[in-house]
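1. Using only what follows, build the 3D model:
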Amino acid sequence: MSTKQYPLEKYRNIGIAAHIDAGKTTVSERILLYTGVSHKIGEVHEGEATMDWMEQEQERGITITSAATTAFWRDHQINLIDTPGHIDFTIEVERSLRVLDGVVAVFSGVEGVQPQSETVWKQANRYRVPRIVFVNKLDRIGADYLRTVQNIKAKLGANVVAMQLQVGMSEDFTSIIDVLTRKMALFKGENGEIVEWVEVPNEYKAKMEELYAKIVLAACDLDEVLAEKYLMEEEITVPEIKAALRKGVVELKVVPVFCGSAFKNKGVQLLLDGVVEYLPSPLDVPAIEGTNTDTNEKFPIPSDPNGAFYALVFKIMTDPFVGVLNFVRVYSGELKAGSYVYNVRTGEKERVSRLLKMHANKREEITSVRAGDIAAVVGIKDTQTGDTLSMDKVPVVLESITIPTPVISTSIEPKAKADYEKMTLALRKMMQEDPSFRFTYNEETGQTEISGMGELHLEIVVDRLRREHKVEVVQGKLQVAYRETVQKLADAEGKFVRQSGGRGQFGHVWIKMEPLERGKGFEFVNAVVGGVIPREFIPAVEKGTRESLTGGILGNYPVVDVKVTLYDGSYHDVDSSEIAFKVAASMAFRTAMSQANPVLLEPIMTVNVYTPEENIGDVIGDLNSRRGRILDSKTEFNQQIISAEVALGEMFGYSTTLRSMTKGRASYDMEFACYREVPKNVQDAIVAKNKKQ
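-> Predicted coordinates:
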């Protein structure tokens, strides 16, 4: 393990992201092997991947939690995060992209661009993260590197440049030609660790020169000096081309594409060279923006080890031996173990007892972290994902992380009543680790409800309760996370009077309730004039209104997208109190809601089904029967892809139906799209069912 301190320009903070099954964890495993972090290869299909260290990951062969590790290559420090590909764990990708300077997007050479790889690409666009591409699985039947490059260009609109050329197709795939140096790489040794450069066979030279010309043109488009040289027919050197491409990658203008087969140990070292040569250091990307919470003024915070200390907590993990680990990306300054930091959100000062450099779930103690580092901090307690840490008590927050809303829920209760407290504690820890997971206690039913991003997400939560926290639970039926809203303006009065001798209670309000645009949440407006309600009672009215949002009148679902305006009321000199106005507000809220034409909203999912052509009629018929709206149907790589929008409530048990309908040959994925009004007949059925319960 290197203890050498690298200059910032030699840092690469990168993530590996892709669709599920494109092989990104295998790519990560080979990176660990070739950089000397790991001495044996962990295979995903054998359940031994270093980066997939959770039991659930090893059993299912998928990545659930993003794992961080540090590796060294060609005198550079690479901080690497392997992110999940399954849509239920999109928060993991989201928060990793937020703190990375570059991404290696992995695509399968067989399937090309798949829906989750599109989602990751859009997330990377949103955070403006430079990227390079690795086309993997070229040893598989039907894999085609150049076809995949075209597919990325067509589907993602990316300016891709093929940097390499594969030699041999599918099982005959033997080596890789580096187009820029016009040499061919052979991978020798037990695990392909020895790279031997040889001359390019004659039959590949014409194609290689064609790709070389395209790289030169791409470099000239990015650099005026090179364009001038090209027009004057002067020689353009390889270092000049690389410098132009690197600048283009940092500015999100070009995406170099590499190829190989991680499983067959081909091409990963050349990909590492690409990471070092083309992806940015913390100094190359724009400085993160800080916001002064007092003045709302925004300003850049440059990556400077000597500057004021600022770090962002992007992930929280509970370790059975160490306690709570806060994963931080340090943007500026330096932090030493044993020193104190402020959490800007809570205003609390806390001592950092230890600093750890992570290698998946193993760790190495370090004495300090500085600008550019990704590490784990031990000792600070009350943190949330997206918190800003600083050395001084300053009102400056770094741009936080977007947390998706859970769309599915289920009730759980411990088999043994004595385990209730243990279960609650475990759920609290999981909610701290994963902000897209929530749990609440339902007073009416006396049950604990857990909510998440999909069936698999909740399945993993229940599994972790059993294994990690030794709590056996009984799970109820999966429930859709419906919402309630209103469709028209309504006026309502709320009057709470308890006067029976002595000090009583008196609160009286008039409110207006009206619908807001979808996704706007809630707005409270105080329009009281002339002191008809004293100022000190207004916060109580707002509090009573906000508390009423937790359960509407149709099915006790959360109320969203409404505006409440308090415009009149009255008070009593002696009997009025905060509690009386709070109760009056909640009474007025329920009355207004019943008059404002309340409706249920349901989560709508974008569903992509991959099916053989002979089953397309059955699949479309089944989606239509589930209130699905077909958006698109196309043929790609010898299979039909049907895209549709379907209500989540209609998708339970879909995987079993799809398997039996297509004899196990079809697959699907699904992603949250939006909330939409529930049809009247469906709403009536849901409301009737809730009343029965």
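2. Which helix in the protein has the most residues?
-> With DSSP state H applied, the helix covering the greatest number of residues in the chain is identified as helix 202-222.
3. What is that helix packed up against?
-> Contacts defined by 3 or more CB pairs under 8 Å, 6 or more residues apart in numbering; DSSP states H and E place helix 202-222 against strand 160-162, strand 164-167, helix 224-231, helix 238-250. The C-beta positions use only the backbone N, C-alpha and C, and glycine is treated the same way.
4. For the protein, which strand extends over the most residues?
-> When the chain is parsed with DSSP state E, its longest strand is strand 598-611.
5. and that one, what other elements does it pack with?
-> Judged by 3+ CB pairs under 8 Å, 6+ apart, strand 598-611 is in contact with strand 483-486, helix 616-625, strand 639-647, strand 667-677, helix 680-692.
6. Now with 7 Å, please.
-> Strand 598-611 sits against strand 483-486, strand 639-647, strand 667-677, helix 680-692, with contacts defined as 3 or more CB pairs under 7 Å, 6 or more residues apart in numbering; DSSP states H and E.
7. quick check: angle from it to strand 667-677?
-> Angle of strand 598-611 versus strand 667-677, following axes from the mean of the first three to the mean of the last three CA atoms, to 10 degrees, is 160 degrees.
8. which strands and helices sit next to the helix or strand hosting residue 324?
-> Using DSSP states H and E, residue 324 falls within strand 323-332. Counting contacts by 3+ CB pairs under 7 Å, 6+ apart, strand 323-332 is packed against strand 310-319, strand 374-378.
9. Which one, of those strands, ends up nearest to residue 102?
-> Proximity to residue 102 (CB to CB) singles out strand 374-378 among the helices and strands packed on strand 323-332, at 12.7 Å.
10. Quick check: neighbours of that closest one in the sheet, parallel or antiparallel?
-> Paired with strand 374-378 in the same sheet, following DSSP bridges, are strand 323-332 (antiparallel), strand 354-359 (antiparallel).
11. Give me whichever of those is most buried.
-> Counting by mean count of other CB atoms under 10 Å, strand 323-332 has the highest mean neighbour count of the strands paired with strand 374-378, with a mean of 23.
12. Are we agreed that residue 141 is in a helix?
-> No. Assessed with DSSP: H, G, I helix; E, B strand; the rest coil, residue 141 is coil; it does not lie in a helix.
13. Let me know how buried it is, in neighbour terms.
-> 8 (other CB atoms under 10 Å).
14. same deal with residue 188?
-> 11.
15. Bridged to it, which residues?
-> Assessed by DSSP bridges, residue 188 has beta-bridge partners residue 194.
16. how near is it to residue 180?
-> Using CB to CB, to the nearest Å, residue 188 is found at 22 Å from residue 180.
17. doesn't residue 439 make contact with residue 427?
-> Yes. Using CB atoms under 7 Å, residue 427 is in contact with residue 439, at 4.5 Å.
18. Tell me which of the two has more neighbours.
-> Using other CB under 10 Å, the more surrounded residue of residue 427 and residue 439 is residue 427, with 23 against 20.
19. Tell me the confidence at the more buried one?
-> pLDDT, residue 427: 91.
20. tell me the SS of it?
-> The three-state assignment at residue 427 reads helix, by three-state DSSP.
21. Can you report how many residues lie near the closest residue to residue 326 other than its chain neighbours?
-> Nearest residue to residue 326 in three dimensions, chain neighbours excluded: residue 377, at 4.5 Å (CB to CB, 6 or more residues apart in numbering). By other CB under 10 Å, 25 other residues sit near residue 377.
22. who's in contact with the nearest residue to residue 623 once chain neighbours are set aside?
-> Closest residue to residue 623 apart from its sequence neighbours, by CB to CB, 6+ apart: residue 644 at 5.0 Å. Contacts for residue 644 (CB atoms under 7 Å, 6 or more residues apart in numbering) come out as 607, 623, 628, 629, 630, 631.
23. quick one: which of those residues is most hemmed in?
-> Ranked by the number of neighbours (other CB under 10 Å), these place residue 607 first, at 25 neighbours.
24. quick one: the strands in the stretch 351-500 of the chain?
-> Listed in chain order, the strands of the stretch 351-500 of the chain (DSSP state E, counting those that start in this stretch) span 354-359, 362-366, 368-370, 374-378, 388-390, 396-398, 408-414, 438-442, 447-452, 473-480, 483-486, 490-498.
25. Tabulate those strands (CSV), appending mean pLDDT and distance to residue 105.
-> Shown next, in CSV, are the strands of the stretch 351-500 of the chain (pLDDT from 0 to 100; distance: least, CB to CB, whole Å):
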stretch, mean pLDDT, distance to residue 105
strand 354-359, 80, 23
strand 362-366, 79, 27
strand 368-370, 92, 28
strand 374-378, 88, 19
strand 388-390, 92, 29
strand 396-398, 88, 25
strand 408-414, 86, 28
strand 438-442, 82, 30
strand 447-452, 85, 26
strand 473-480, 84, 33
strand 483-486, 95, 34
strand 490-498, 93, 50
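26. can you tell which of the helices and strands packed on helix 202-222 is closest to residue 306?
-> Closest to residue 306 of the helices and strands packed on helix 202-222, according to CB to CB: helix 238-250, at 23.4 Å.
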